[in-house]
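Peer 1: sequence and predicted structure below; questions after.
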Amino acid sequence: MCEFNVILNGKTIFKDVTYAKTDEKGNVTVKNVLGETKQFPNCKITEVDVNSARLILMSTKV
């Protein structure tokens, strides 16, 4: 299984992510292998790189 590191503003902010979802309100919710969930408001997924195991987020708030 592939686990991703979540990166926002060039910093790794959450590790071992196996699930990610965006909602209609502009939030990204991720879950790691331990079942821990974290929500990132006003963000969107801009890149998923399987080879580097990176999931890149970008803030949508100006």
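Peer 2: Nice, thanks for sending it over.

Peer 1: show me where pLDDT drops low in this structure?
Peer 2: Residues of the chain that meet the criterion pLDDT under 70 lie in 1.

Peer 1: let's see 80
Peer 2: For the chain, the stretches with pLDDT under 80 are 1, 62.

Peer 1: and the longest strand along it, what's buried?
Peer 2: Across the chain, the longest stretch assigned as strand under DSSP state E is strand 11-22. Within strand 11-22, the residues scored as buried using 16 or more other C-beta atoms under 10 Å are 14, 16-17, 20. C-betas here are computed from N, CA, C, even on glycine.

Peer 1: out of those, which is nearest to T29?
Peer 2: When those are compared for distance to T29 (C-beta to C-beta), A20 comes out closest, at 7.2 Å.

Peer 1: can you show me the strands along this structure?
Peer 2: So, for the chain - with DSSP E - the strands run 4-8, 11-22, 28-32, 37-40, 43-49, 54-59.

Peer 1: right, and E47 touches A20 too?
Peer 2: No - with contact defined as C-beta atoms under 8 Å, E47 does not reach A20; the gap is 11.7 Å.

Peer 1: between these two, which contacts overlap?
Peer 2: Common neighbours of E47 and A20, counting by C-beta atoms under 8 Å, 6 or more residues apart in numbering, are L55.

Peer 1: just give me the residue right at the centre of the protein.
Peer 2: Taking C-alpha atoms, centre = their mean, the centroid of the chain lies closest to V6, which sits 4.4 Å from it.

Peer 1: so that one makes contact with L55?
Peer 2: Yes - in terms of C-beta under 8 Å, V6 counts as a neighbour of L55; the distance is 5.1 Å.

Peer 1: quick one: common contacting residues for those two?
Peer 2: Joint contacts of V6 and L55 (C-beta under 8 Å, 6+ apart) are 17, 20, 30.

Peer 1: now do the contacts for K31.
Peer 2: Residues near K31 by C-beta under 8 Å, 6+ apart: 17-20, 37-38.
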